[in-house]
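Asks: only geometry, no sequence info:
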């Protein structure tokens, strides 16, 4: 069985290269990074979980940059995006 990790990468947490090396070292097969590149200034629709929008959503690093850093720190780990919001990219 192959098991991977899916997570948000933020500027307040572990660096993507350090995370990828740790994930590979522990025997996981993949690392998938989510993104949320655009957060509205004003939200008319409330966050479904209640309260304010969690910080992770607006602190998320660009997944392609983070995955590039991760790729430099691993040799066998499969890397990918958990979510890629293509319509929000240039």
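Replies: Structure received. Note that the structure is predicted; figures quoted are calculated from it, not measured. Residues are numbered from 1 along each chain as shown.

Asks: what about the strands in this structure?
Replies: Remark: strands assigned in the chain by DSSP state E are 4-7, 30-33, 78-81.

Asks: can you say which of those is packed in most?
Replies: Across the strands of the chain, averaging neighbours per residue (mean count of other CB atoms under 10 Å) puts strand 30-33 on top, at a mean of 21. The C-beta positions use only the backbone N, C-alpha and C, and glycine is treated the same way.

Asks: can you redo the strands of the chain as TSV with distance to residue 44 and mean pLDDT?
Replies: Below are those laid out as TSV (distance: least, CB to CB, whole Å; pLDDT from 0 to 100):
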stretch	distance to residue 44	mean pLDDT
strand 4-7	29	94
strand 30-33	29	96
strand 78-81	28	95
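
Asks: what would the ones you listed look like in JSON lines with distance to residue 42?
Replies: Below are the strands of the chain laid out as JSON lines (distance: least, CB to CB, whole Å):
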{"stretch": "strand 4-7", "distance to residue 42": "28"}
{"stretch": "strand 30-33", "distance to residue 42": "27"}
{"stretch": "strand 78-81", "distance to residue 42": "27"}
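
Asks: so which of the ones you listed is nearest residue 52?
Replies: Among those, strand 4-7 comes nearest to residue 52, with 20.7 Å by CB to CB.

Asks: now residue 48: phi and psi?
Replies: With angles defined as degrees, to the nearest 10, residue 48 sits at phi -60, psi -30.

Asks: quick one, helices of this protein?
Replies: Ranges of helices in the chain, per DSSP state H, are 16-25, 55-59, 63-72.

Asks: pull the residues that contact the first one.
Replies: Residues external to helix 16-25 that are found in contact with it (CB atoms under 8 Å, 6 or more residues apart in numbering): 5, 7, 9, 14, 31, 33, 61, 66-67, 69-77, 79.

Asks: what's the average pLDDT for that helix?
Replies: For helix 16-25, the mean per-residue pLDDT is 97.
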